[in-house]
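A.B. asks: Just a sequence and a predicted model for now, questions to come.
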Amino acid sequence: MKTVATLFRNLVLAASAVMVVAGASQSAEFERNIMTGGPTGTYIRIGKDIAGLGAQCGLTLNVVESAGSLENFVGVRNRRNTQFGIVQSDLLEYLKTFEANDAEIQEAVRGVKIMFPLYNEEVHVLASTDIATLKDLGGRKVAVGVKDSGTFLTASLILDILQVEAEERVLLNPDQALPKLKAGEIDAFFYVAGAPASLFADAGIDPSKFHLLPITEAPLLATYTKASLAANTYDFQADPVDLVAVKAVLMTYDYDPRRNAYHRESCRTVSDFSALVLGGMDQLRETGHPKWKQVDLTALPPGWQVGSCVKAGMALEYAPACTKPAAAAAPADANEEYLNLLKQRLKN
């Protein structure tokens with residue numbers, strides 16, 4: 001059987017090829033897009049919150065559903081008119097591992113940059129109550145997400161790290177997996193999403209039949225962060241549950257405004273939304289998804305750089321295009337500058 005590493009590498013390269021073709025067929029008319037996730041996930045709600053800031057400023061940002069992190073990462077790299085994508089940080093760590101010794105992966109990730117670190121996403125594993133731990137998934141049918149999703153990567157990594165041999169790793173989206181779990185066609189499914197995940201809200205999950213597995217195994221803590229769900233986060237979950245989480249990150253592309261009109265407009269879009277998110281953080285925390293309250297803009301994933309168009313929008317003198325003409329992109333590319341700009345903005 002292929003290792004996760006080989007499978008993941010092939011997925012990146014295959015997705016890159018598909019997205020290049022898709023990008024070439026896009027209309028020449030300029031538009032702005034953010035790639036998110038499935039209709040019941042946290043990514044799409046975060047994307048809608050960001051789009052809402054743009055709408056207040058007269059800037060339209062289309063919120064695009066996707067399979068998840070891998071498709072989003074490749075979309076930012078290759079899909080025309082797609083300036084933003086939300087990605088899991090374990091995917092970024094995995095890409096860095098590949099990039100060191102693989103020229104094709106180096107090309108696939110070239111130009112993709114950090115915009116903002118976001119929040120921790122909890123790893124949910126909903127299982128029948130006769131399953132007590134992740135180890136008990138051995139010999140069972142477990143849904144692990146679809147191949148372009150972050151859930152697929154995380155589920156595959158966790159099962160491999162713990163050397164759990166499921167009877168079958170079923171390729172299903174979480175919203176497809178839930179009814180199959182209820183019908184007894186699978187025994188458990190993984191879902192990586194910021195809690196509270198709307199998939200589990202009013203879902204009619206019987207706590208006598210199904211529960212969230214605790215995820216406390218020590219080998220996982222080298223890659224994932226300890227987390228906990230408070231009691232009654234979901235209707236079926238009466239007690240607290242310890243588990244692990246992975247950081248969600250907003251990615252963009254390092255556009256060169258001197259290259260052509262498309263790069264210039266895209267860079268302006270990235271700068272505008274950088275300024276809008278920074279300036280609108282209080283509003284996002286008050287009226288957006290609850291996960292905005294946990295956003296730490298200083299928690300940059302190691303080894304990834306912030307885009308120059310992002311930093312241009314963070315400058316104190318910058319105002320979005322709906323307010324005044326955009327400033328030129330800053331030439332520097334060090335993360336230290338990002339943190340200094342962030343400190344300046346947060347003081348004012």
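C.D. replies: Great, that's in hand. Numbers count the residues shown, from 1 in each chain.
A.B. asks: Show me how this structure divides into domains.
C.D. replies: 4-119+248-347, 121-247 (automatic domain parsing).
A.B. asks: Buried residues in stretch 60-76, which are they?
C.D. replies: Within stretch 60-76, the residues that qualify as buried are 61, 63-64, 66-76, counting by 16 or more other Cβ atoms under 10 Å. Heads up, the C-betas are built off the backbone N, CA and C, glycines and all.
A.B. asks: oh, I was asking about stretch 228-236
C.D. replies: Leu229, Thr233, Tyr234, Phe236.
A.B. asks: what's the average pLDDT for it?
C.D. replies: Summarised as a single mean, pLDDT over stretch 228-236 is 96.
A.B. asks: now stretch 83-90
C.D. replies: So the average pLDDT for stretch 83-90 ends up being 93.
A.B. asks: Show the pLDDT at Glu99.
C.D. replies: pLDDT, Glu99: 70.
A.B. asks: Who are the contact partners of it?
C.D. replies: Ile105, Gln106, Val109 (Cβ atoms under 8 Å, 6 or more residues apart in numbering).
A.B. asks: Show the buried residues in those.
C.D. replies: Among those, the ones that count as buried by 16+ other Cβ under 10 Å are Ile105, Val109.
A.B. asks: need the contacts of Glu99 in CSV with secondary structure, can you?
C.D. replies: Listed next are those as CSV, based on DSSP: H, G, I helix; E, B strand; the rest coil:
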residue, secondary structure
Ile105, helix
Gln106, helix
Val109, helix
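A.B. asks: which of the contacts of Glu99 lies closest to Tyr94?
C.D. replies: Ile105 (9.9 Å; Cβ to Cβ).
A.B. asks: residues contacting the residue positioned nearest the centre of the chain?
C.D. replies: Residue closest to the mean C-alpha point of the chain, counted by Cα atoms, centre = their mean, is Val87 at 2.7 Å. Residues in contact with Val87 (Cβ under 8 Å, 6+ apart) are Ser69, Asn72, Phe73, Gly150, Ala248, Val249, Leu250, Met251.
A.B. asks: How much space separates it from Pro219?
C.D. replies: Noted for Val87: a distance of 24 Å to Pro219, by Cβ to Cβ, to the nearest Å.
A.B. asks: now Arg259
C.D. replies: 45 Å.
A.B. asks: what ranges do the helices span in the chain?
C.D. replies: 4-24, 42-56, 69-78, 89-99, 103-109, 150-161, 174-182, 261-279, 281-287, 308-314, 335-347 (DSSP state H).
A.B. asks: how far does the fourth one sit from the chain's center?
C.D. replies: Between the mean C-alpha location of helix 89-99 and the chain-wide mean there is a distance of 13 Å, by Cα atoms, centre = their mean, to the nearest Å.
A.B. asks: Run the angle between it and helix 150-161 for me.
C.D. replies: 70 degrees (axes from the mean of the first three to the mean of the last three Cα atoms, to 10 degrees).
A.B. asks: Give the buried residues for helix 89-99.
C.D. replies: Those would be Ser89, Asp90, Leu91, Leu92, Glu93, Tyr94, Leu95, Phe98, Glu99, for helix 89-99 by 16+ other Cβ under 10 Å.
A.B. asks: what's the angle from it to helix 69-78?
C.D. replies: 60 degrees.
A.B. asks: What lies in contact with stretch 126-143?
C.D. replies: Residues contacting stretch 126-143 (Cβ under 8 Å, 6+ apart): 125, 155, 158-159, 162, 164-172, 174, 176-178, 180-181, 185-191, 200, 205, 208-215, 217.
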